[in-house]
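K.L.:
Build me a structure from this.
(one chain, ligands or ions: 1)
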Amino acid sequence: MHRNKVVIIGGGGHAKVVIDVIQSADTYELVGFTSHSDQESNLSGIPYLGDDSILPTLLEEGVQYFFVATGNNRLRKKLFYQLIELGFTPINAISPFARISPFAKLGRGIVVMPGAVINAYAVIEDNVIINTLSGIDHDCLIKPHAHIAPGASLAGCVNVGEGAFVGMKSSVIPEISIGEWSVVGAGAAVISDVPSYVTVVGVPAKKIIVRNEER
Ligand SMILES: CC(=O)SCCNC(=O)CCNC(=O)[C@H](O)C(C)(C)COP(=O)(O)OP(=O)(O)OC[C@H]1O[C@@H](n2cnc3c(N)ncnc32)[C@H](O)[C@@H]1OP(=O)(O)O
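P.N.:
Residues are numbered from 1 along each chain as shown. Next comes the predicted model:
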């Protein structure tokens, strides 16, 4: 069976899981991964190819598809558009153990990890991470480059802004909006709208001042 060739961008912990998901779906041929840090010779059974300077050569050799497997939302955004600019096409990495409604809509460059559920009329835009065992209920809108961490539960009609991070095991009640590039802490219960560029934690979730804005 012919399978399209894919390069993975990134060699950290998130890449390990993304590779596993793509391999378990058995739809693509993974040619290897690129990384800027010194790497082991392979990751989850696929070879290290070098840093991103190898990418134009890979394209010439017929590797047309990519997946950016970095957890940091800002870096993932940057790399996503760089790869498209170079002429690559993003794929989705969908675990066969996720459940996605046929009435949900998915963009490009999205990973949906095992145990995640995406219900009817949810919209997941480009380059989003839907992590292990998370739940995205009906009519949610997840904007590009966001990350819904393991076990987070979004009720119906929740909007998550560009680049926002919804921490593991947090809960968001219906019709809440989470602003762009904001962070919801692990275990938070979000019961009111979250502005952009803030961090909220706790039950109920309240804004905190953070020292390090990098995410
Ligand atoms: C497969 C994977 O691994 S995917 C990755 C999943 N990762 C996550 O879900 C991580 C979620 N991250 C968090 O919850 C973090 O604690 C953050 C982002 C909310 C805050 O991190 P930082 O900015 O480093 O904050 P810091 O640790 O300095 O804490 C600031 C204050 O908030 C409190 N706080 C931090 N996180 C939480 C939380 N989740 N719930 C309640 N309080 C919290 C701290 O106790 C501290 O309180 P204090 O000032 O009274 O001492």
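K.L.:
now the helix-or-strand element of the chain with minimal mean pLDDT, how far from the chain's geometric center?
P.N.:
When the helices and strands of the chain are scored by mean pLDDT, DSSP states H and E, strand 42-43 comes last with a mean of 86. From the chain centre to the centre of strand 42-43 is a distance of 20 Å (CA atoms, centre = their mean, to the nearest Å).
K.L.:
what helices or strands is the following helix or strand past that strand leaning on?
P.N.:
Toward the C-terminus, strand 42-43 is succeeded by strand 46-50 as the next helix or strand (DSSP states H and E). For strand 46-50, the elements it packs on are strand 29-34, judged by 3 or more CB pairs under 8 Å, 6 or more residues apart in numbering; DSSP states H and E. Using the backbone N, CA and C atoms, a C-beta is placed for each residue, glycine as well.
K.L.:
how about low-confidence regions in this structure?
P.N.:
The model of the chain has pLDDT under 70 over residues 38-40, 211-215.
K.L.:
Spell out which residues of this protein are next to the ligand.
P.N.:
Within the chain, the positions near the ligand by CB under 6 Å from any ligand atom are 131, 149-150, 167-168, 183, 185-187, 199, 201-202, 208, 210, 212.
K.L.:
Determine which two of the residues you listed are furthest apart.
P.N.:
Asn131 and Ile208 (22.4 Å; CB to CB).
K.L.:
Settle it for me: which of those two has more neighbours?
P.N.:
Asn131 (22 against 12; other CB atoms under 10 Å).
K.L.:
contacting residues around that one?
P.N.:
Met113, Ala116, His147, Ile148, Ala149, Pro150, Gly151, Ala152, Met168 (CB atoms under 8 Å, 6 or more residues apart in numbering).
K.L.:
And the residue of the chain closest to the ligand?
P.N.:
Closest to the ligand within the chain is Gly185: 3.0 Å, counting by CB to the nearest ligand atom.
K.L.:
so what's the nearest residue to that residue once chain neighbours are set aside up against?
P.N.:
Counting by CB to CB, 6 or more residues apart in numbering, Gly185 lies nearest to Val201, which is 3.3 Å off, once chain neighbours are set aside. Val201 makes contacts with Val184, Gly185, Ala188, Ile208, as judged by CB under 8 Å, 6+ apart.
K.L.:
So what sits opposite the residue nearest the centre of the chain in the bridge?
P.N.:
Taking CA atoms, centre = their mean, the centroid of the chain lies closest to Ile129, which sits 1.9 Å from it. Beta bridges link Ile129 to Val111, His147 when assigned by DSSP bridges.
K.L.:
Which of the residues of the chain next to the ligand fall within strands?
P.N.:
Judged by DSSP state E, the residues of the chain next to the ligand include Val183, Thr199, Val201, Ile208 as members of strands.
K.L.:
Many thanks, we can stop here.
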